[in-house]
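Colleague: Need a 3D model of the following:
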Amino acid sequence: MQNSTFRRPFTIALFVLALTAWTIALCAPVDRSPTAKAIGGPERRFYVSKLIHIAGYATLTILAGLIPTHRRGRMILLGVLVLHTGSSEILQGFFERTPAIRDVGLDLIGITIAIVIRPKPWRVLRLRAHVNAQANSFDRT
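Modeller: Numbers count the residues shown, from 1 in each chain. Next up is the predicted model:
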């Protein structure tokens, strides 16, 4: 019990810290950084940045899955991630970045990949839908 008591605030803090760092990174200008120049030309930077979008949201989803919570908490975490995909793109418009709907799709792919790779914490969402479907089928017979 004591381990769980410590784990929850720690994982929530880790998730919030990672989400904040990711938001800052998404709003930072890219073309001027030494890292961008080291990656190569514009075409290569484009593909690397899209892979980073996918990997970033996959990582955040895995971190969110580490937070010990119940079904409602898991749905809230997933909702936060999904809302963050769109709001971060809107936020980029206020900085030296170009918002792109394509990035939202890539972010959602990253979330989906993480759920497929590490499905155990997210099973509560599917289990409930499965139980409801079974209950509905019994009511009809």
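
Colleague: For the protein, which segments count as helices?
Modeller: Per DSSP state H, the chain carries helices over the ranges 2-27, 34-39, 42-66, 71-92, 101-117, 123-140.

Colleague: In a markdown table: the ones you listed, plus mean neighbour count.
Modeller: Every C-beta, even on glycine, is put in place using the N, C-alpha and C of the backbone. Below are those laid out as a markdown table (neighbours: other CB atoms under 10 Å):
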| stretch | mean neighbour count |
| --- | --- |
| helix 2-27 | 13 |
| helix 34-39 | 11 |
| helix 42-66 | 17 |
| helix 71-92 | 16 |
| helix 101-117 | 17 |
| helix 123-140 | 10 |
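
Colleague: Compile the ones you listed into TSV and extend it with columns for mean pLDDT.
Modeller: Output for these, formatted as TSV (pLDDT from 0 to 100):
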stretch	mean pLDDT
helix 2-27	86
helix 34-39	72
helix 42-66	90
helix 71-92	94
helix 101-117	94
helix 123-140	59
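
Colleague: Surely residue 69 touches residue 80?
Modeller: No - counting by CB atoms under 8 Å, residue 69 does not reach residue 80; the two are 12.0 Å apart.

Colleague: And residue 29, how close does it get to residue 97?
Modeller: 7 Å (CB to CB, to the nearest Å).

Colleague: I meant to write residue 27 there.
Modeller: 6 Å.

Colleague: Ok, residue 40 next?
Modeller: Distance of residue 40 to residue 97, given as CB to CB: 20 Å.

Colleague: More neighbours: those two, which one.
Modeller: residue 97 (18 against 11; other CB atoms under 10 Å).

Colleague: I'd say that one and residue 25 touch.
Modeller: No - under the criterion of CB under 8 Å, residue 97 makes no contact with residue 25, lying 10.6 Å away.

Colleague: For residue 40, what are phi and psi?
Modeller: As for residue 40, its main-chain torsions (degrees, to the nearest 10) stand at phi 130, psi -160.

Colleague: Now do residue 27 against residue 121, distance only.
Modeller: 28 Å.

Colleague: From residue 94, how far off is the nearest residue to residue 122 once chain neighbours are set aside?
Modeller: Excluding the flanking residues, the one nearest residue 122 by CB to CB, 6 or more residues apart in numbering is residue 115, at 4.8 Å. For residue 115, the distance to residue 94 (CB to CB) stands at 30 Å.
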